[in-house]
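Quick check, what structure comes out for this input:
(one chain, ligands or ions: 1)
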Amino acid sequence: MSIQFQGAIRRCFLQTRTVGFPRFASSTSSKLWLKRQSKDPFVKLRAQDVYRSRSAYKLLEIDDKYRVLRQARTIVDLGAAPGGWSEAAARRTRQYMGRRNQPVIEDDESLDSTLRYDRSTSRIAIVAVDLLPIASIPGVHTIQGDFLSPQTQAQVTSVLDGRPVDVVLSDMCENMSGNRDRDSESSLQLCLAAFSFAKTHFEQTNRLRDPRRGVLIMKYFAHPDLDEFHKGIKPMFRRLEVFKPKSSRSDSSEVYLVCIGWKGGA
Ligand SMILES: C[S@@+](CC[C@H](N)C(=O)[O-])C[C@H]1O[C@@H](n2cnc3c(N)ncnc32)[C@H](O)[C@@H]1O
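Sure thing, here's the model as predicted:
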């Protein structure tokens, strides 16, 4: 055995003793993560390939409780990648429309590249936005861009082409830095952007005739600053509740603000 080879084995042995087998041994936190994943019923559902992300079940739970998608014709999904919420919204609205025997979204891949709708019908339009690319979803128009940038917001507005927005969904969140203040600040910024976009679009149409229209759902991470934000926008909706879906991990401070029925205001 050559001297170099012996040295390599020795180094490998020493490394194994100090840091463990790098490829096979896992840290306590990753073991805990694997254990939690194996027990998580929503991860199992995801594994059956019903939806492309586990997050889809959060939106379905919100809709089971509040029926926010029942009257929805135009939905804007912010922070949509990989696309679970858009898929869930497309299926759910299709079910609602099907029950009422009305026109439904077509399973047409080409709808992804252009928003084709006929304003004279009740056809559903979903616009999904994310920093990351979103693989095509039938009936969903995708936009890749930063929603905090005015250009991306203008792009969404241009795609909507004057169509009244019924529901704005925001599951946007940045990667957690671990710094609570910084994370809640970024969560607040995303909520403010979603709120101000929703406000502009809800105000363009008279929502007062149908109290279910003008729905805004936003993910945020519990923090006192966000409580202030929550109190500030409460009078502008007929109903505003904080909801924690069962499919949201209990060890996460993530919750959803469910705002139903735009009333307007400052
Ligand atoms: C929890 S994931 C969304 C999961 C998605 N709702 C689903 O069901 O598949 C959060 C997403 O927010 C996106 N995001 C964060 N900041 C954003 C921003 N400024 N503009 C657009 N998307 C953003 C991230 O890229 C990420 O894909």
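
What is the burial count for A88?
25 (other CB atoms under 10 Å). No exception for glycine: its C-beta is placed from N, CA and C like everyone else's.

quick one: the strands in the chain?
74-78, 125-130, 140-144, 167-170, 215-221, 237-243, 254-262 (DSSP state E).

Just the helices from the stretch 151-266 of the chain, written as ranges.
Assigned by DSSP state H, counting those that start in this stretch, the stretch 151-266 of the chain shows helices spanning 180-203, 224-233.

Just send those back as TSV, with mean pLDDT too.
Shown next, in TSV, are the helices of the stretch 151-266 of the chain (pLDDT from 0 to 100):
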stretch	mean pLDDT
helix 180-203	92
helix 224-233	87
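
who wins for proximity to S247 among the ones you listed?
S247 sits nearest to helix 180-203 of all the helices of the stretch 151-266 of the chain, at 19.1 Å, using CB to CB.

Show me which residues of the closest one are buried.
Under the neighbour-count criterion of 16 or more other CB atoms under 10 Å, helix 180-203 has 183-184, 186-188, 190-191, 193-195, 197-199, 201-202 buried.

do the same with stretch 253-265
253-262.

nearest to the ligand, of the residues you listed?
Taking CB to the nearest ligand atom as the measure, the ligand lies nearest E254 of the buried residues of stretch 253-265, at 8.8 Å.

Check whether that closest one really touches M218, as I assumed.
No - in this structure E254 lies outside contact range of M218 using CB atoms under 8 Å: 10.8 Å.

Mutual contacts of the two, please.
Counting by CB atoms under 8 Å, 6 or more residues apart in numbering, E254 and M218 have no common neighbour.

just for the protein, where's the confidence low?
Counting by pLDDT under 70, the chain has low-confidence residues at 1-27, 29-30, 32-49, 99-122, 206-212, 266.

measure R73 to the ligand for me?
Using CB to the nearest ligand atom, to the nearest Å, we find R73 at a distance of 20 Å from the ligand.

Surely L226 touches S184?
Yes - in this structure, L226 is within contact of S184 by CB under 8 Å, at 6.4 Å.

Now do the end-to-end distance for stretch 237-255.
18 Å (CA to CA, to the nearest Å).

Name the residues that touch it?
Under CB under 8 Å, 6+ apart, the answer for stretch 237-255 is 36, 42, 54-55, 57-58, 61-62, 65-66, 173, 211, 214, 216, 219-223, 230, 233-234, 256-263.

Of all the residues in that stretch, which ones are buried?
Buried, per 16+ other CB under 10 Å, within stretch 237-255: 237, 240, 244-245, 247-248, 253-255.

next one: stretch 162-176
Under 16+ other CB under 10 Å, the buried positions of stretch 162-176 are 163-172.

ok, which residues in the chain are in contact with the ligand?
53, 55-56, 79-85, 129-132, 146-148, 171-174, 190 (CB under 6 Å from any ligand atom).
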